[in-house]
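Peer 1: structure for the following, please:
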Amino acid sequence: MPGLSLWHWARDPSAHAHSRRHAKLAVADRRTLFLGSADLTESAARRDIEAGVLVHGGEAPRRAAEHVLELQRLGILRPMP
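Peer 2: Have a look, this model is predicted:
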């Protein structure tokens, strides 16, 4: 989709053997933020019950976007291959 960037946590499994990725978030134009736990797979959609929250405006979308940018800058988040 044009204008959409997907990033992931590029962790070192040997350094973080017990860590897990679970939180999902999306930020649009620093004005809309979606936070949720749903896995984006067909099997998860069929068997799981998940929740999420959509935030329009305010400080949360802006701060989340800034946090993501900093994680990208540090190389903690990397583009999905």
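Peer 1: what are the contacting residues of the helix or strand of the chain with the lowest mean pLDDT?
Peer 2: Taking mean pLDDT, DSSP states H and E as the measure, the chain has helix 42-47 as its least confident helix or strand, at a mean of 80. Residues from elsewhere that reach helix 42-47 (C-beta atoms under 8 Å, 6 or more residues apart in numbering): 38, 50. Where C-beta positions appear, they are placed from N, C-alpha and C, glycine not excepted.
Peer 1: and for stretch 52-68?
Peer 2: Stretch 52-68 is contacted by residues 7, 24-25, 27-28, 30-38, 77 when judged by C-beta under 8 Å, 6+ apart.
Peer 1: try 7 Å
Peer 2: Stretch 52-68 has contacts (C-beta atoms under 7 Å, 6 or more residues apart in numbering) with 25, 27, 30, 31, 32, 33, 34, 35, 36, 38, 77.
Peer 1: any idea how far the one helix or strand residue 68 maps to is from the middle of the chain?
Peer 2: Assigned by DSSP states H and E, residue 68 belongs to helix 59-73. In terms of C-alpha atoms, centre = their mean, to the nearest Å, the centre of helix 59-73 is found 11 Å from the chain centre.
Peer 1: in its sheet, what does the helix or strand just after it sit against?
Peer 2: Per DSSP H and E, the first helix or strand lying C-terminal to helix 59-73 is strand 77-79. With DSSP bridges as the test, strand 77-79 is paired with strand 7-9 (antiparallel).
Peer 1: re the thing from before, buried only: go through the contacts of stretch 52-68 for me.
Peer 2: 27, 33, 35, 77 (16 or more other C-beta atoms under 10 Å).
Peer 1: just those residues: which are in strands?
Peer 2: Among those, DSSP state E puts 27, 33, 35, 77 in strands.
Peer 1: out of the buried ones among the contacts of stretch 52-68, which is nearest to residue 71?
Peer 2: Nearest to residue 71 out of the buried ones among the contacts of stretch 52-68 is residue 77 (C-beta to C-beta; 4.3 Å).
Peer 1: what residues are bridge-paired with the closest one?
Peer 2: For residue 77, the beta-bridge partners are residue 9 (DSSP bridges).
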